[in-house]
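Engineer: show me how the following folds:
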Amino acid sequence: MRKSIFYILLFIGLFSRAQQKPNVVFIISDQHKLKETGAYGNKLSITPNIDALAKTGVVFNNAYTPAPVCAPARASLITGMYPYANGAIYHKAPVKMPNGKIKNIGSGYLRETGYHEDIVTLAAIFKQQDYVTASPGKMHVHGELQKDVDEDHKEGNNMGFDEVSLRYYTYFPGGHYQDEVGEDTYMRYRQFKKYSKVYHKGSMHLNENYEPTLVKNEEDNFDMVVAKKSVEFINKRAEDGKNFFLHIGFEKPHAPFTTTQRYLDMHTPANFPLPKTFNDWHVKGKYPWVPNWIHSAIPKDLQKAQNVMAAYNACITEMDDMVGRVVNALKENGLYENTIIIYTTDHGEHLFEHGLRGKHNMYEAAVNIPFIISYPKLFKQNTRNNSLISFIDLMPTLAELINGSTPETAQGVSLVEVLTQGKELKSRVVYSEFRGGNYELLAGAKNVPSRMMRKGDYKFIYTHGIINQLYNLKEDPDELNNLIFDEKYQKIYQDMYFQTLAKWRFQEYAPIPVSLKNNKLKWNQTEEFTSYAIYYSLTNDAKEATLLAANINDDYFKVKKEGYYWLLATPKLSKTSKFYGENIPVAVGTYSFNLPVSNAIYVKN
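Structural biologist: Numbers count the residues shown, from 1 in each chain. A predicted model of the protein is given here:
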């Protein structure tokens with residue numbers, strides 16, 4: 001009888017624990033290169049706290065940012081949608097001013113430059129389930145507003161967060177990092193204005209001379225202040241017992257690569273080897289598909305390049321320390337066991353891979369990001385998962401875990417079975433997109449759209465007006481062999497090209513107009529394209545479409561069966577570059593705003 005009562009009580013206790021809603025701490029850093037993390041195999045990286053999360057959770061090897069730049073990536077996280085779909089496609093949004101000139105506006109100024117107004121945010125889902133929500137630190141989402149900032153939206157937009165503090169890169173008077181620590185500290189931290197001259201020429205941004213931050217009080221550095229606010233919030237929740245969603249926005253290891261002396265002392269620059277591709281574009285010529293500004297000039301003194309790498313890693317260690325403060329606060333308050341902890345970053349950093357610096361393109365160093373989820377109470381521990389995942393998957397995943405409702409606008413998939421059962425998503429497809437300018441062969445073109453598609457071992461990259469790319473990441477992890485020239489891969493190339501463009505629509509750019517008359521699809525032939533192809537499906541789902549005809553040189557196609565048709569065009573490239581030589585054109589002669597694909601055309605018998 002006693003044993004029976006014991007097991008009944010044990011079952012009730014376990015059932016009660018299983019029914020208790022989890023808290024969520026979501027930690028997002030800025031510009032953390034996946035390879036510069038102990039949990040991902042780098043023995044030089046000092047990241048004990050992130051590594052500890054990996055040992056108690058699931059490490060994703062193939063997590064992708066929806067955009068290799070801050071603001072669009074973060075808006076995708078908040079909305080559960082890709083940038084093209086949520087409308088927040090820009091890092092800085094071009095706005096036409098009263099004088100007719102275009103000005104690039106940062107986040108926090110205008111609602112019209114942000115994500116669409118009818119979208120339910122991630123924080124709002126938690127609010128619907130009576131969670132207390134907070135977001136100390138960097139947010140950088142176009143659409144977030146304080147009250148009385150935008151004349152047309154005086155009520156502002158807190159995106160579902162009860163508590164907002166320490167904004168960074170976002171216009172937020174009174175709630176900005178600068179308001180917390182004062183202008184002097186803010187300027188020293190960013191190395192702006194008069195303090196920039198303290199650093200030697202060329203060293204300010206990347207810290208080539210391996211110098212410490214100018215911030216006098218260590219605890220005034222941004223990530224330390226964010227950690228302090230986060231711990232204060234956790235302490236309050238321990239007192240009132242309310243469920244919470246805490247979005248923590250750390251800023252390191254984003255440039256400037258400066259931190260305190262003690263973190264610099266933990267790293268030895270001479271130990272950091274340059275990547276084997278560090279001189280790639282210097283030998284071959286600039287990459288046609290990469291903006292000019294991230295073609296980094298590697299210091300002639302390679303020791304300075306090693307200083308940059310060590311300084312970057314020192315910034316990572318600083319940020320990792322702050323992750324530790326947050327996790328320790330959960331443990332000290334008895335909240336750790338019932339809290340899901342997520343660590344990720346908004347995009348990567350090249351750190352001289354391919355001779356590049358920064359992000360702003362689709363190479364793996366920029367788009368493949370660290371992503372770790374720890375919740376030992378329910379999820380697998382110390383496991384690695386090769387599923388292709390994206391930021392857009394967080395919304396349906398967390399909604400399911402808190403018994404919330406996933407909005408219809410969400411484009412991702414729930415990862416709950418992946419996390420609890422170790423399941424791997426074998427056929428998943430993920431995308432990333434970018435809008436930028438200053439391409440060497442596209443003179444004057446601004447906000448040039450590019451999009452990446454990852455499926456299985458293959459990655460396809462479309463850059464408007466530039467030659468396409470296809471890589472087999474398993475056989476070619478350094479992305480050096482563009483397979484579009486290999487006949488063996490033509491079907492994979494053609495299909496991924498179509499799938500990348502089929503439903504991708506956004507401001508300014510228009511699909512090819514196609515009409516239907518007398519069972520013929522008709523379009524206007526122009527010198528802009530060299531040939532056409534037809535894709536077909538019984539349904540309106542482009543994922544089910546297959547190639548029906550290729551290399552069409554006419555201006556029509558005769559249809560024979562009911563269903564949906566798409567026209568796909570091959571742009572005419574005429575400009576060459578050093579990279580591929582004079583025999584291979586890599587860019588269009590005249591830039592246009594026409595996408596090389598049509599909308600779906602329905603044909604009824």
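Engineer: so what touches stretch 484-500?
Structural biologist: Contact partners of stretch 484-500, identified using C-beta atoms under 8 Å, 6 or more residues apart in numbering, comprise 429, 431, 451-453, 455, 458, 460, 462, 467-470, 483, 533, 535, 542-543, 545, 547, 550, 566, 568, 597. For the C-beta atoms, the positions are set from N, CA and C on the backbone; glycine is no exception.
Engineer: which stretches of the chain aren't confidently modelled?
Structural biologist: Along the chain, segments meeting pLDDT under 70 span 1-19, 193, 195, 198-204.
Engineer: need the residue closest to the centroid of it.
Structural biologist: For the chain, the residue sitting closest to the mean C-alpha position, by C-alpha atoms, centre = their mean, is Thr65 at 2.7 Å.
Engineer: for the host helix or strand of Tyr343, packing partners?
Structural biologist: Using DSSP states H and E, Tyr343 sits within strand 339-345. Contacts defined by 3 or more C-beta pairs under 8 Å, 6 or more residues apart in numbering; DSSP states H and E place strand 339-345 against strand 23-29, helix 48-55, helix 302-332, strand 368-374, helix 394-401.
Engineer: would you mind giving those as a markdown table with mean neighbour count and distance to Ser574 added?
Structural biologist: Below are those laid out as a markdown table (neighbours: other C-beta atoms under 10 Å; distance: least, C-beta to C-beta, whole Å):
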| stretch | mean neighbour count | distance to Ser574 |
| --- | --- | --- |
| strand 23-29 | 24 | 42 |
| helix 48-55 | 20 | 48 |
| helix 302-332 | 22 | 37 |
| strand 368-374 | 25 | 33 |
| helix 394-401 | 22 | 43 |
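Engineer: mind checking which of these is nearest Tyr40?
Structural biologist: strand 368-374 (6.3 Å; C-beta to C-beta).
Engineer: and Thr500, how far from Gln128?
Structural biologist: For Thr500, the distance to Gln128 equals 35 Å [C-beta to C-beta, to the nearest Å].
Engineer: those two: who's more crowded?
Structural biologist: Thr500 (22 against 14; other C-beta atoms under 10 Å).
Engineer: using the three-state scheme, assign the closest residue to that one other than its chain neighbours.
Structural biologist: Spatial nearest neighbour of Thr500, excluding adjacent residues (C-beta to C-beta, 6 or more residues apart in numbering): Met453 at 4.4 Å. Secondary structure for Met453, judged by DSSP: H, G, I helix; E, B strand; the rest coil, is strand.
Engineer: count the neighbours of Met453 for me.
Structural biologist: Count around Met453 with other C-beta under 10 Å applied: 24.
Engineer: and for Lys276?
Structural biologist: 9.
Engineer: need the phi and psi values for it.
Structural biologist: Main-chain torsions, Lys276, degrees, to the nearest 10: phi -70, psi -20.
Engineer: my read: it touches Pro477, true?
Structural biologist: No - Lys276 sits out of contact with Pro477 when judged by C-beta atoms under 8 Å, with a separation of 11.0 Å.
Engineer: show residues contacting the helix or strand harbouring Ala75.
Structural biologist: Assessed by DSSP H and E, Ala75 sits inside helix 70-79. For helix 70-79, the surrounding residues in contact (C-beta under 8 Å, 6+ apart) are 28, 30, 65-67, 82-83, 86, 88-92, 107, 114-115, 119, 121-123, 139-143, 159, 169, 346-347, 390-392, 394-395, 409, 433-435.
Engineer: inside helices: which ones of those?
Structural biologist: When the contacts of helix 70-79 are checked against helices (DSSP state H), the matches are 83, 86, 122-123, 394-395.
Engineer: determine which two of those residues are furthest apart.
Structural biologist: Greatest spatial distance in the ones in helices among the contacts of helix 70-79: Pro83 and Ala123, 18.8 Å, computed using C-beta to C-beta.
Engineer: the two: who's more crowded?
Structural biologist: For Pro83 versus Ala123, the count of surrounding residues by other C-beta under 10 Å is larger for Pro83: 28 against 21.
Engineer: dihedrals phi and psi, Glu408?
Structural biologist: The phi/psi pair for Glu408 (degrees, to the nearest 10) reads phi -60, psi -20.
Engineer: neighbours around it, how many?
Structural biologist: Residues lying near Glu408 (other C-beta under 10 Å) number 6.
Engineer: check contacts around Glu364.
Structural biologist: Contacts for Glu364 were tallied using C-beta under 8 Å, 6+ apart; they are 348, 459, 473, 477, 479.
Engineer: from those, which is closest to Gln525?
Structural biologist: Lys459 (31.6 Å).
Engineer: ok, back up a step: residues touching the residue nearest to the centre of the chain, list them.
Structural biologist: Counting by C-beta under 8 Å, 6+ apart, Thr65 touches 73, 76, 345-348, 367, 369, 390-391, 432.
Engineer: would you turn those residues into CSV with distance to His354?
Structural biologist: Shown next, in CSV, are the contacts of Thr65 (distance: C-beta to C-beta, whole Å):
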residue, distance to His354
Ala73, 21
Ser76, 25
Thr345, 19
Asp346, 20
His347, 16
Gly348, 12
Val367, 13
Ile369, 17
Ser390, 23
Phe391, 24
Ser432, 17
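Engineer: where's the spatially closest residue to Met309 that is not a sequence neighbour relative to Gln306, distance?
Structural biologist: Using C-beta to C-beta, 6+ apart and skipping residues adjacent in sequence, the residue nearest Met309 is Phe272, 4.1 Å away. Phe272 is 5 Å from Gln306, where distance means C-beta to C-beta.
Engineer: please name the bridge partners of Met452.
Structural biologist: Ser432, Ile461 (DSSP bridges).
Engineer: near it, how many other residues are there?
Structural biologist: 28.
Engineer: surely it and Thr463 touch.
Structural biologist: No - the pair Met452 / Thr463 is not scored as a contact, 9.6 Å apart, by C-beta under 8 Å.
Engineer: all strands of the stretch 151-300 of the chain, in order?
Structural biologist: With strands called from DSSP state E, counting those that start in this stretch, the stretch 151-300 of the chain shows them at 163-165, 244-249.
Engineer: dump the ones you listed into TSV; add distance to Lys35 and mean neighbour count as well.
Structural biologist: Shown next, in TSV, are these (distance: least, C-beta to C-beta, whole Å; neighbours: other C-beta atoms under 10 Å):
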stretch	distance to Lys35	mean neighbour count
strand 163-165	32	20
strand 244-249	23	26
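Engineer: output those in TSV; the columns should cover distance to Val290.
Structural biologist: Compiled in TSV, these are given as follows (distance: least, C-beta to C-beta, whole Å):
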stretch	distance to Val290
strand 163-165	36
strand 244-249	28
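Engineer: domain parsing for this structure?
Structural biologist: Per automatic domain parsing, the domain ranges recorded for the chain read 2-429, 437-603.
Engineer: tell me the most buried of those?
Structural biologist: domain 2-429 (a mean of 20; mean count of other C-beta atoms under 10 Å).
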